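sequence and predicted structure, then a few things I'm wondering about:
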Amino acid sequence: MFSIFNRNTGEKQLKKDLFAFLAEMEKNMEFFYVMDQRRFITHGFLTDSWPLVKEMDIIRRHETIFLYARAVDDFNRSLKVLKEYETWYAGDVNNKSPENARKLHALKDELNEKLKGMESAIILAGQDLEREMVKLGLLKS
């Protein structure tokens, strides 16, 4: 009798985590569009739900979802490096050399290139996640 309750609790948690991950992807898609339209990167992408779902079988089946997670992590890491370098660069007049300015520009260009790849990574991963959720009966097709 208790195994039924445990299974129901596990299914509810699975459903909750998958919907949270899907919502996070949708929010990241919105972030992408805003940053792409403005041509200005203001913040990183959300990653709160990834640790909750990354070990699930339905997630592990899809390389696209892992590529999405890697792309988000890589983008966020690069943004952090850029922000730290900008702070260092602006923090002291002696840091404002042509060489350091070129490095700052290169970091910005690299981040903009990574942003360009985010749209397809989010879309492909989201499609695979939605297909799995339809199979589980969590979404209607």
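That came through fine. Everything numeric in this text was worked out from a predicted model, so none of it was measured.

ok, so what distance separates the closest residue to residue 81 other than its chain neighbours from residue 33?
Excluding the flanking residues, the one nearest residue 81 by C-beta to C-beta, 6 or more residues apart in numbering is residue 107, at 6.6 Å. Where C-beta positions appear, they are placed from N, C-alpha and C, glycine not excepted. Separation of residue 107 from residue 33 (C-beta to C-beta, to the nearest Å): 23 Å.

and these two? Which one has more around it.
Neighbour comparison, residue 107 and residue 33: the larger count goes to residue 107, with 19 against 11 (by other C-beta atoms under 10 Å).

ok, that one - contacts?
78, 81, 82, 85 (C-beta atoms under 8 Å, 6 or more residues apart in numbering).

now with 10 Å, please.
Residue 107 makes contact with 78, 79, 81, 82, 83, 84, 85, 86, 89, according to C-beta atoms under 10 Å, 6 or more residues apart in numbering.

and of these, the nearest to residue 15?
Nearest to residue 15 among those is residue 79, at 31.6 Å by C-beta to C-beta.

ok, which stretches of this structure are strands?
Taking DSSP state E as the test, none of the chain falls into strands.

which stretches of it have low pLDDT?
For the chain, the stretches with pLDDT under 70 are 1-8.

hmm, try it at 50
For the chain, the stretches with pLDDT under 50 are 1-6.

follow-up on the earlier one: tell me which of the contacts of residue 107 fall in helices.
Of the contacts of residue 107, the ones assigned to helices by DSSP state H are 78, 79, 81, 82, 83, 84, 85, 86, 89.

from what I can see the second one touches residue 45, true?
Same thing as residue 79. Yes: using C-beta atoms under 10 Å, residue 79 is in contact with residue 45, at 8.9 Å.
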